[in-house]
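Colleague: Sharing a model that was predicted from the sequence below.
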Amino acid sequence: VSNKLEDFEVLEVIGSGSFGTCYKVCNKYDKMIYVCKAIDYGKMDENQKELLVSEVNVLSGLKHPNIVQYHSRIINKKTTTLYIIMEYCEGGDLASIIVSCKKNKKPIEEGFIWQVLYQTGRALQACHSHLKHVVVLHRDIKPANVFLDSAGNVKLGDFGLARILQKEESCAETVVGTPFYMSPEVLGGGKYNRKSDIWALGCLIYELCALSPPFVASSFKLLTSSIKSGRFDRIPAHYSDDLHKMISFMLSVDHEYRPTIEMVLHHPAVVVRVSQRS
Ligand SMILES: CNC(=O)c1c(C)[nH]c(/C=C2\C(=O)Nc3ccc(Cl)cc32)c1C
């Protein structure tokens, strides 16, 4: 794989995420389209640089049909810029799909939502079981971090906050990720763990149905009490009870009651509805 910057031609800017800007690029030799995430680490402190190194190591170590494929990295020390070359997902991100469905008042199809649940779940399963002694918590599952390739397969991306943790230990840090998707235990000062990723997955699936997160509030304080209450409106009536029950299961306030990713993927309601398109 070529890993010199001059091997790539920039086609357009497609977005800016944590720490960086995403460009759509074309490799001059294999004519393939990629995404290049440019990250300026010049102003980062040691901790942020360590986090960045862990993101790249996490990404380069994971190879899975539902995780954006890492290709290579290029470091330009003169401009203190790190370039990460990754798989291009032509279908874009779920956040843009939610925005356009909301604007056109066009609900997202239930069949597609079950596919997103299953395939994002498969990506999480890979993270949670990656390397026997180590578990990877995504910690930033949100519509802007889930992408679609040209075949409509779901790809989990942007491990901006991923942390490598020893299997038993879970991350000491409390406030992480998108506030809307923060779980009751993280808000209660508890530790972020695999079940917090399940809570975020429940919020993602809910938002695809209702085109808004399950818990919204005008202040962090009100959002916290809304999340801890665990009360949210049922998804729109035209969605099945199976889907409503699966979401409610993932949004159990007590993380002990919440399903593991294995339970979600093997749940009969999921199994009967999904297949892996590629
Ligand atoms: C409206 N969205 C887009 O046009 C879009 C498209 C077609 N692709 C993307 C983003 C990515 C993409 O295509 N591959 C990616 C790999 C990693 C990360 Cl963090 C992001 C991407 C985006 C945001």
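Modeller: Okay, I see it.
Colleague: Any idea which residue is closest to the centre of the protein?
Modeller: Closest residue to the average C-alpha location of the chain: Ile141 at 3.3 Å, with Cα atoms, centre = their mean.
Colleague: Quick one, grab the pLDDT at Ser129.
Modeller: Ser129 carries a pLDDT value of 77.
Colleague: now the one 5 residues further on
Modeller: Listed pLDDT for Val134 reads 50.
Colleague: swap in the one 10 residues further on?
Modeller: At Ala144 the predicted local confidence, pLDDT, stands at 89.
Colleague: cool, and Val176?
Modeller: Val176 is given a pLDDT of 48.
Colleague: quick thing: my sequence starts at 31, can you match it?
Modeller: In the new numbering, first residue 31, that becomes Val206.
Colleague: Get me the contact residues on the stretch 81-230 of the chain for the ligand.
Modeller: Counting by Cβ under 6 Å from any ligand atom, the residues of the stretch 81-230 of the chain close to the ligand are Val98, Met116, Glu117, Tyr118, Cys119, Glu120, Gly122, Asp123, Ser126, Phe177, Gly187, Asp188. For the C-beta atoms, the positions are set from N, CA and C on the backbone; glycine is no exception.
Colleague: and the nearest residue to the first one once chain neighbours are set aside, what does it touch?
Modeller: Excluding its sequence neighbours, the residue lying closest to Val98 (Cβ to Cβ, 6 or more residues apart in numbering) is Gly187, at 4.0 Å. The contact partners of Gly187, taken as Cβ atoms under 8 Å, 6 or more residues apart in numbering, are Ile97, Val98, Met116, Cys119, Asn175, Val176, Phe177.
Colleague: same check, this time on Pro209
Modeller: Phe250, Leu253.
Colleague: one step back: from the residues of the stretch 81-230 of the chain next to the ligand, which would you call buried?
Modeller: Val98, Met116, Glu117, Tyr118, Cys119, Asp123, Phe177, Gly187, Asp188 (16 or more other Cβ atoms under 10 Å).
Colleague: Test my guess that the fourth one contacts Ile63.
Modeller: Put plainly, it is Tyr118. Yes: the pair Tyr118 and Ile63 qualifies as a contact (Cβ atoms under 8 Å) at a distance of 4.5 Å.
Colleague: No further questions, thank you.
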